[in-house]
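*Asks:* Sequence below, structure please.
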Amino acid sequence: MAEIEYGNYYHVYNRGINKTNLFDKEKDYLHFLELIQKYLLLIADIYCYVLMKNHFHLLVRIKEIDEIDFLAQGTNIKSSEKWKTFKSTDTEIIKTHNQKLKKPVPYRQFSHLFNSYTKWFNHKYNRTGSLFEKNYRKKEVDNEEYLKHLVFYIHHNPIHHKFAKDYIDYPWVSYNLFTENKSSFLDKDTVVEWFDDLDNFIYFHQEEHDLSQLGEFLIDDEE
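*Replies:* As a prediction, the model looks like this:
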């Protein structure tokens, strides 16, 4: 699998091993979103998402390496401060605590996300073993027109899979965070700029689109 590169946009997808359900109760969806914030916001801007029963989609931009903050590393770090970040200007403060500075690596943060959720899910549902497919899939995107269609593709997933008839009927898709102006961890301003404004964002989602033009950027997510 090709390495994740700094500064690039990616459509990221994974699903349950053997199409196992990843989410059952509301708490499962909420916890996964919490872990996305914990592990991925350190290394990525996140633009949109959808969480389905047995798979999920994300559209992200991996930050440039100089945009990524440091994490403190050391044996004397309290568990509550393990994921505390530090700017490069904080170096002297950290040195006084005998801690080392290290920037989180993007591919490892995705691994932390999947491993942490799997451990939590297995404990909650008294199961063992892998939960996600071993190799999550990612497609690099370098065209703004494709980015717009991917936003639609991701938001349209619940309708495509007949989990809802309208975007507003499905709670685990990021569309409503835009239209209802809800606060979130997403970089919503950038997404809206791709569509020029919120009205065009909404209009674009109301239209039908031939997604075959996306070709290699689409990821097969059949149930």
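*Asks:* any idea what sits nearest Val12, other than its immediate chain neighbours?
*Replies:* Nearest-residue entry for Val12: Leu58, 4.4 Å, with adjacent residues in sequence omitted and distances by CB to CB, 6 or more residues apart in numbering. In this view, the C-beta of every residue, glycine as well, is placed from N, C-alpha and C.
*Asks:* Quick check: that neighbour touching Ile46?
*Replies:* Yes. With the criterion set as CB atoms under 8 Å, Leu58 and Ile46 qualify as a contacting pair; they are 6.4 Å apart.
*Asks:* buried ones in the lengthiest helix in the chain?
*Replies:* Longest among the helix segments of the chain by residue count, using DSSP state H, is helix 106-125. Neighbour-count burial for helix 106-125, with 16 or more other CB atoms under 10 Å as criterion, is recorded at Pro106, Gln109, Phe110, His112, Leu113, Phe114, Asn115, Ser116, Tyr117, Thr118, Trp120, Phe121.
*Asks:* Next one: the fourth one relative to Lys38, how far apart?
*Replies:* Okay, so that is His112. As for His112, its distance to Lys38 is 8 Å (criterion: CB to CB, to the nearest Å).
*Asks:* who's more crowded, Leu58 and Ile46?
*Replies:* Relative neighbour count places Leu58 above the other of Leu58 and Ile46, with 24 against 20, counting by other CB atoms under 10 Å.
*Asks:* counting contacts, what elements does the helix or strand the more buried one falls within pack onto?
*Replies:* According to DSSP states H and E, Leu58 maps onto strand 55-62. In terms of contacts (3 or more CB pairs under 8 Å, 6 or more residues apart in numbering; DSSP states H and E), strand 55-62 is packed against strand 9-15, helix 26-40, strand 44-51, helix 144-155.
*Asks:* Give me the angle between the shortest one and helix 106-125.
*Replies:* When you say that, I think you mean strand 9-15. For strand 9-15 and helix 106-125, the angle between their directions (axes from the mean of the first three to the mean of the last three CA atoms, to 10 degrees) works out to 30 degrees.
*Asks:* who does strand 9-15 pair up with?
*Replies:* Strand 9-15 has these partner strands in its sheet, going by DSSP bridges: strand 55-62 (antiparallel), strand 137-141 (antiparallel).
*Asks:* Run through who's touching that strand.
*Replies:* With contact meaning CB atoms under 8 Å, 6 or more residues apart in numbering, strand 9-15 is reached by 4, 22, 54-62, 110, 114, 132-133, 136-142, 147, 150, 154, 217, 219, 221.
*Asks:* And stretch 188-196, by the same measure?
*Replies:* When contacts are defined by CB under 8 Å, 6+ apart, stretch 188-196 is touched by residues Asp45, Tyr47, Cys48, Glu144, Leu147, Lys148, Val151, Leu177, Phe178, Leu198, Phe201, Phe204.
*Asks:* Reformat these as JSON lines; add neighbour count and distance to Leu30.
*Replies:* Shown next, in JSON lines, are the contacts of stretch 188-196 (neighbours: other CB atoms under 10 Å; distance: CB to CB, whole Å):
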{"residue": "Asp45", "neighbour count": "18", "distance to Leu30": "21"}
{"residue": "Tyr47", "neighbour count": "21", "distance to Leu30": "20"}
{"residue": "Cys48", "neighbour count": "24", "distance to Leu30": "17"}
{"residue": "Glu144", "neighbour count": "11", "distance to Leu30": "32"}
{"residue": "Leu147", "neighbour count": "21", "distance to Leu30": "27"}
{"residue": "Lys148", "neighbour count": "17", "distance to Leu30": "28"}
{"residue": "Val151", "neighbour count": "22", "distance to Leu30": "22"}
{"residue": "Leu177", "neighbour count": "17", "distance to Leu30": "14"}
{"residue": "Phe178", "neighbour count": "22", "distance to Leu30": "19"}
{"residue": "Leu198", "neighbour count": "14", "distance to Leu30": "26"}
{"residue": "Phe201", "neighbour count": "22", "distance to Leu30": "25"}
{"residue": "Phe204", "neighbour count": "17", "distance to Leu30": "28"}
